[in-house]
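A.B. asks: Got a predicted structure here, sequence first:
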Amino acid sequence: MAVYTEVTDEELSAFIAQYDLGAVLSCKGIAEGVENSNFLVVTERGPYILTLYEKRTRKEDLPFFLGLMEHLAEKGIACPLPVAGRDGVALRELSGRPAVIVTFLAGMWPRRISPQHCAQLGEALARLHLAVGDFRMERPNALALNGWKDLFAKSAERADEVAVGLRTTLADELAALEANWPADLPAGVIHADLFPDNVFFRGDSLSGLIDFYFACNDFLAYDIAICINAWCFEIDGSFNATKARLLLANYRKVRPLSRAELDALPWLCRGSAVRFLLTRLYDWLNHPPGAFVRPKDPLEYLRKLRFHQSVRGLGDYFLDDSATGEA
Ligand SMILES: Nc1ncnc2c1ncn2[C@@H]1O[C@H](COP(=O)(O)OP(=O)(O)OP(=O)(O)O)[C@@H](O)[C@H]1O
Ligand SMILES: N[C@@H](CCO)C(=O)O
């Protein structure tokens, strides 16, 4: 997360007084992340996370996100739980922003991704997909094809400032995605942003998932594609087939994948690369002055997109039968 909105000590104390959390002992802005403003607030009851929702998070979607975290926690998925005030209300307002306190999740996100991290991620992602099977709320994916086109329209003019030819690459890719996007795959609620900084480990064991503020209804396999992009490339841009194999193999131990889902993976990976390339490009070009945030590099996702464009089928990912589960 980041800090876009500052909160004064007086505002914070008055806010926390609405909860049964005791007095505020300390409050620190969290520099990590790019979407919302986050603070680590230590009260007499212990540490909590205070989130003020910014730009991309729509207030009307918050009941979905909060309801989802509650549902997942009930199903035994370790994730933050929204904390209600004494009046029973969790979603409030602070410094002119919608604001929520959630429980603090112990653990650290992995700075250096190992194949074992990817194996555990695959299992956790599949468990998440099963756990949301009976979650009744819905939220369409605002960052699907139409959302991508919208972001492109807002950034196209200046895209070549970031990389020469980027505007044409994106226009061509959006047309290709529109023509090839799968029509019908198993769907449900997906996390949609399960990057390493949203997955906590304690020692070598995965201890929980955070940041459900892009969760939405979409193809379940699209979530796998997002994870392949976020977890299975090295810093030098090379694809790590071992990590992807372990991710897939451990996913399918919990939730089997159909042939159609496997065949769709290359296009889902391309779409996911475009999604993060576009949000990063937009943020790079529209960086709020003075905000405590480090914008993320759009070109990392251009390199991932190029890799997926060069792939002709699953075999090119070196994903053998043990990963895909196909005979
Ligand atoms: N419930 C929590 N428990 C412990 N730490 C948390 C919790 N929520 C957030 N954090 C800390 O805040 C950081 C940023 O949070 P988060 O990833 O939700 O922000 P964001 O702005 O939505 O980020 P992103 O760029 O991933 O969308 C995390 O990496 C973690 O250090
Ligand atoms: N995880 C995203 C930021 C939140 O959308 C990225 O790395 O671009």
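C.D. replies: Structure's in. What do you need? Ligands and ions are numbered 1, 2, ... in the order given.
A.B. asks: In contact with Pro80, which residues?
C.D. replies: Residues counted as contacts of Pro80 (Cβ atoms under 8 Å, 6 or more residues apart in numbering) are Ile49, Met69, Val102, Thr103, Phe104, Leu105, Gly208, Ile210. Where C-beta positions appear, they are placed from N, C-alpha and C, glycine not excepted.
A.B. asks: give me that answer again for 7 Å
C.D. replies: Pro80 makes contacts with Ile49, Met69, Val102, Thr103, Leu105, Ile210, as judged by Cβ atoms under 7 Å, 6 or more residues apart in numbering.
A.B. asks: Tabulate the residues you listed in JSON lines, adding columns for distance to ligand 1, neighbour count and secondary structure.
C.D. replies: Shown next, in JSON lines, are the contacts of Pro80 (distance: Cβ to the nearest ligand atom, whole Å; neighbours: other Cβ atoms under 10 Å; DSSP: H, G, I helix; E, B strand; the rest coil):
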{"residue": "Ile49", "distance to ligand 1": "4", "neighbour count": "19", "secondary structure": "strand"}
{"residue": "Met69", "distance to ligand 1": "9", "neighbour count": "22", "secondary structure": "helix"}
{"residue": "Val102", "distance to ligand 1": "5", "neighbour count": "20", "secondary structure": "strand"}
{"residue": "Thr103", "distance to ligand 1": "6", "neighbour count": "15", "secondary structure": "strand"}
{"residue": "Leu105", "distance to ligand 1": "4", "neighbour count": "17", "secondary structure": "coil"}
{"residue": "Ile210", "distance to ligand 1": "5", "neighbour count": "23", "secondary structure": "coil"}
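A.B. asks: Of the residues you listed, which is the nearest to ligand 2?
C.D. replies: Nearest to ligand 2, judged by Cβ to the nearest ligand atom, of the contacts of Pro80 is Ile210 at 11.7 Å.
A.B. asks: just checking, the closest one touches Phe104?
C.D. replies: No. Ile210 is beyond contact range of Phe104, at 10.0 Å (criterion: Cβ atoms under 7 Å).
A.B. asks: how about the residues of the stretch 101-250 of the chain near ligand 1?
C.D. replies: Val102, Phe104, Leu105, Trp109, Asp193, Phe195, Asp197, Asn198, Ile210, Asp211, Tyr213 (Cβ under 6 Å from any ligand atom).
A.B. asks: Now do the contacts for the last one.
C.D. replies: Neighbour list for Tyr213: Glu35, Asn36, Thr57, Phe65 [criterion: Cβ under 7 Å, 6+ apart].
A.B. asks: let's see 8 Å
C.D. replies: Shown in contact with Tyr213 (Cβ under 8 Å, 6+ apart): Glu35, Asn36, Tyr53, Arg56, Thr57, Phe65, Asp193.
A.B. asks: That one should be in a helix, yeah?
C.D. replies: No. Tyr213 sits outside any helix when classified using DSSP: H, G, I helix; E, B strand; the rest coil, being coil.
A.B. asks: which phi and psi does it have?
C.D. replies: According to degrees, to the nearest 10, the main-chain angles of Tyr213 amount to phi -90, psi 10.
A.B. asks: any idea how far Arg275 is from it?
C.D. replies: 15 Å (Cβ to Cβ, to the nearest Å).
A.B. asks: now the first one
C.D. replies: When Cβ to Cβ is applied, the distance between Val102 and Arg275 equals 25 Å.
A.B. asks: Over to the fourth one?
C.D. replies: With distances defined as Cβ to Cβ, the gap from Trp109 to Arg275 amounts to 21 Å.
A.B. asks: now the fifth one
C.D. replies: With distances taken as Cβ to Cβ, Asp193 is found 10 Å from Arg275.
A.B. asks: Which one of those two is surrounded by more residues?
C.D. replies: The neighbour comparison of Asp193 against Arg275 (other Cβ atoms under 10 Å) goes to Arg275, with 26 against 22.
A.B. asks: so the more buried one makes contact with Lys149?
C.D. replies: No. Taking contacts as Cβ atoms under 8 Å, Arg275 lies outside contact range of Lys149: 11.5 Å.
A.B. asks: quick revisit: now do the shared contacts for Asp193 and Arg275.
C.D. replies: Common neighbours of Asp193 and Arg275 (Cβ under 8 Å, 6+ apart) are Ile226.
A.B. asks: what's the domain layout of this protein?
C.D. replies: The chain breaks down into these domains under automatic domain parsing: 9-103, 115-324.
A.B. asks: wait, does the first one contact ligand 2?
C.D. replies: Yes. When contact is scored as Cβ under 6 Å from any ligand atom, part of domain 9-103 falls within range of ligand 2: Val34, Glu35.
A.B. asks: In which helix or strand does the closest residue in space to Leu40 that isn't next to it in sequence reside?
C.D. replies: The spatial neighbour of Leu40 that comes closest, neighbours along the chain excluded (Cβ to Cβ, 6 or more residues apart in numbering), is Lys28 at 4.9 Å. According to DSSP states H and E, Lys28 maps onto strand 24-29.
A.B. asks: so how far is that strand from its chain's centroid?
C.D. replies: Distance of strand 24-29 from the chain centroid (Cα atoms, centre = their mean, to the nearest Å) equals 26 Å.
A.B. asks: With that, I have no additional questions.
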